[in-house]
Each structure stands twice: as C-alpha cells, then as structure tokens.
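Q: next input, structure requested:
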Amino acid sequence: MTTATLRAQAAQTAPGVDAESRIRLSEVIASLSCALDITEGQPEGHAARTALIGMRLAEEIGLDHAEREPLFYALLLKDLGCSSNAAKMSYLFGADDQRLKRDVKTIDWPKMKESARYLVSHALPDARPWERAMRVISLALQGSKGPRQLVETRCERGASIARSLGFPEGTAIAIRQLDEHWNGKGHPDGLRHEEISIGARIANLAQTVEVFWRERGIQAAVQIARDRRKRWFDPALVDAFVTLHEEASFWEQLTTSDPTAAVAKLAPEDDIHYIDEGELDRIAEAFAQVVDAKSPWTFKHSAGVARIASGIAATIGFDAEDVRRVRRMGLLHDLGKLGVSNLILDKPGKLTAEEFDALRAHPADSERILERIACFANYAPLAGAHHERIDGRGYFRGVPSRDLPLAARILTVADIFEALTAARPYRDGMPREKALAILQKDAGKAVCTLAVEGLLAYLKREEVESRVEDQLRSLDSLLNELSGEHQVPLRPA
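A: Below is the predicted model of the structure:
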C-alpha cells in the first residue's frame, strides 16, 4: 500500500474536531470533574454542585474578585488527587475504595467513636469475624498517622497537578488544604483558623453541604453546617450559609439536570479563558496522570498507549493534527476506569463474572464523560471503542471493529500491546517479541492488520532512532574526552 493511499485512508477515517476553536476552559474542567466524582464514589455532578454552592457563598461574603477565579477552579478540581490514595485505601481496609471514600464524607472522623464505627463497618467486610477484628486493630494502632498520610498523598498530588496545568497558586493551595479544619484537627498539616486559605474553607463547607443535601435533604445540610461550626468550618461561612438556605433559588440551582453546564457559566467574567491546542494537550496529560494513579499496575499506562498510538498513526500516514487527536484519546481512553473498584483493578486472581462486567463498563463511561465536552465529542467514540474486536466479540458495544475508524483500531492495538508488555497483579510483563507474536496471530481476526503492521513499523523506527541517539551520545562523550585531553592551558601554571 502506498504512502499516498495511507494518507488518504487516514484523512477519511481519522476524526476531525472543528469544535475545538473557542472552547472555554471552564467548560472543559467542569465536564472532566465528573471523572473525579466517580473516583470519589460520588454521583456525577458532585463537584459541579459543590462549585455552585461555593461560588454563591463567595458572593454572599463579598469575596474579592481576585480570589474568585482560584476558588472557582479549586471547587471543580478539589478531588484532582483522589486516585492517588485509592489503591492504598483499598489495600489497608481490604474493601472497595469507592465505598470507603463515599462513606467517609458523611462521618465526623475526628471523633473517636465515629472513626471506630467506620473502621468496624468497613474493614474486610466479607471476611470472617476474627479476621475483621484483627484488621480493625491493625488500623486503629496506626492512630492519626495513617489517615494523615492518605490525605497528604491525595491533597499534595492534586495541588501538584493543578500547578502543572498553570492554575493560580490559590487553586493549588485550596486543594492542598481541603481537609484542614477550623479547630486545627484536620489533615494533613493541622492548620487552624485563618491559616487555612479562604478557598479551602469554602470548599470544605460546600462539599459537605452538597453531600448531606443530596443524601438527606435541606435540613440535614443546614444541621451539619451548624453542628460542625467552629470545629470543621469557619463560623462566618456557616452563618452566611444559614442565611442563604432560606432562598429557594439557592437550592433550585442544585436540582438542574446538567450542573456542569450551569457551573461553567459561573466562571468570573473578566477571567474567561479560551484554551488553545497546547493547553488542551496539557489537560489531557493531567487527567491521564489521574487515571494512571488509580492503580500501581497501570502506572503510565495511558501515557504509554498515547505514545504508541500516536506513533502508529504518524507511521502509517496520519497528518499532524490527527496524530495529535489520536494521542489525546490515548491519554483519556481509560477515564472510565476511575469508576472501577481497586478490588477489581488490583485483584491478583481471576475476576468473577460480576467483577468482569464491572470492568467491561469502563469504555462506555469514558465515552460518556468525553462526549459532553465539545472539543472531545467528535472523537469520544474512539475512547469507547478501544476494546472492540474485528470479530465483534469485544466490548462495550460488541460491534465488528473493521467498521470503526482506523484511529479506533489503532488505539485498540496500542492498548493491547502496552498492557501485554506491562506487569499486572496476576502476571509479569511479556517480552516485546511475544506480545508482537500474539498481535500478529490475531491480526485480521481480532485486531486490525494495518494497525499491527503500523505498530511493527513504528517499533522498528523507534529502535533505529534509539540506536542512533546512543551512538550520538557516545560520540559526544568521546569528543568531550578528546577535547579535555588536548586542551591548551590559557596561561602557564
């Protein structure tokens, strides 16, 4: 097949995204916050509703305009580091990390009695009584050190990603301090009163109000704010919230069917930011980090798939714009895995039928999240199709992948190759040659022949380029040594 033919096919099958022009940063972040919601075991829209509450509180207390933009993005991205402690939580408790994260938001965890009740009800829930008792004792002996480390991992990671995206420092600080309490008994640093940034104080109250309002109603939300006044929450913020709660419009905004669209419109008018291609790449890279942090066994998986898929696309003739889009889908194809329990992702043995069904849902979740974002909507189906097969025996739709765009078939091959060559809890990573042999055997039956050929060509090119780079480095080193040996002194000793 000629290069010209490949380019023609690439142009026909690689998706286009004219909608990328004039895309608001607030719209993209609001939509992607749904991925963080499911990681926390919350229904999609939790962060957006938290932002609706928090921004209304900011207005009520007359928060300075300069502090509103950092607050806005902190409210949406408060859980940006949520995946980084999921595996450890699941391992320590021997339980579903999403249930652990969801339920901890409803308890007053600094109180010993409530913490003890939480430990007893959540540690090894399916084990025998004596095993559960031993795990509870083990967790209790850690004291406050264990929870503090989990919170610190989560909050520091979230702040770090926010900084890498170029958000204001106030956003990163608010994310870092999200679980600090007014009385100094929060985590990770035990800050108190005004030592805690106003953004973190608002976010802490707003997320708690959202959870209790959604699960138990308005009165429960008001009562929890009052109960934790001067302990968890800034008393001035609680007083402002209590005055607001009688406004019907305050609660009506939370009942909208599309909270992400509603909150995107709240971005401070003077700070509306339209993202360019480079910023869109950085956002995709950041959320790939969130996905890959969910399990130690998928560390850098999304980045690896993106690198391989874009390498294949470039090798077989996709133009630069479409290579870039394939790379983005490689970075974001597993967003839906944020909603899969670590008991499943990190399980060392064979999955049960029920567990496998839960895992098989993740491509659909990836597609659903991405299709809400205008700049990703046209090629969100690529992410949703990365487990489809030529013979129609894949998932989630079970359609013959020969009928899918070439970009989708490339993503499938890249995903399989990266997964086969990486270690998993139930096996070591395969040698590259063995993984390639499996793909070649399945070419035309399970995976696209053209995509496999593109992978072989890409890997060969990568190997040649690597050898050339090694030789150039050796030559540089040799030249440096020779230069040093024959250097003429600038003046006599």
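Q: C-alpha from now on. contacts and neighbour counts both.
A: Fine.
Q: now do the SS call for Ala236.
A: Reducing the assignment at Ala236 to three states with DSSP: H, G, I helix; E, B strand; the rest coil gives helix.
Q: and the nearest residue to Gly94 once chain neighbours are set aside, what's its pLDDT?
A: Closest residue in space to Gly94, ignoring its immediate chain neighbours: Leu124 at 4.8 Å, by CA to CA, 6 or more residues apart in numbering. On the pLDDT scale, Leu124 is placed at 95.
Q: and Gly62, what pLDDT?
A: Gly62 is assigned a pLDDT of 95 by the prediction.
Q: I meant Ser249, not that one.
A: Predicted confidence (pLDDT) for Ser249: 89.
Q: just Glu269 next, same as before
A: In the prediction, the pLDDT value recorded for Glu269 is 60.
Q: same question for Asn480.
A: Per-residue confidence for Asn480 comes out at a pLDDT of 75.
Q: just Ala10 next, same as before
A: Looking at Ala10, its pLDDT reads 39.
Q: same deal with Leu351?
A: What the model reports as pLDDT for Leu351 is 93.
Q: measure the closest residue to it other than its chain neighbours to Leu338 for me?
A: Counting by CA to CA, 6+ apart, the nearest residue to Leu351 once its immediate chain neighbours are dropped is Ile344, at 7.2 Å. Per CA to CA, to the nearest Å, Ile344 is found 12 Å from Leu338.
Q: higher neighbour count, these two?
A: Taking neighbours as other CA atoms under 10 Å, Ile344 and Leu338 compare with Leu338 leading, 28 against 17.
Q: could you check the pLDDT of the more buried one?
A: The predicted local distance difference test score for Leu338 is 96.
Q: pretty sure it is touching Ser83, no?
A: Yes - under the criterion of CA atoms under 8 Å, Leu338 is in contact with Ser83, at a separation of 7.4 Å.
Q: shared neighbours of these two, anything?
A: Common contact partners of Leu338 and Ser83 (CA atoms under 8 Å, 6 or more residues apart in numbering): Thr39, Val291, Lys294.
Q: of these, which is the nearest to Val464?
A: Val464 lies nearest to Val291 out of the shared contacts of Leu338 and Ser83, by CA to CA, at 31.4 Å.
Q: show residues contacting whichever strand or helix holds the closest one.
A: Following DSSP states H and E, the helix or strand that holds Val291 is helix 277-292. Taking contacts as CA under 8 Å, 6+ apart, the residues outside helix 277-292 that touch it are 80-84, 161, 164-165, 298-303, 328, 331-332, 334-335, 337-338.
Q: and after it, which helix or strand comes next?
A: Per DSSP H and E, the helix or strand that comes after helix 277-292 is helix 301-315.
Q: output the below-cut-off pLDDT ranges for this structure.
A: When the per-residue scores of the chain are filtered using pLDDT under 70, the ranges that remain are 1-21, 269-271, 426, 466-472, 474-475, 478, 483-493.
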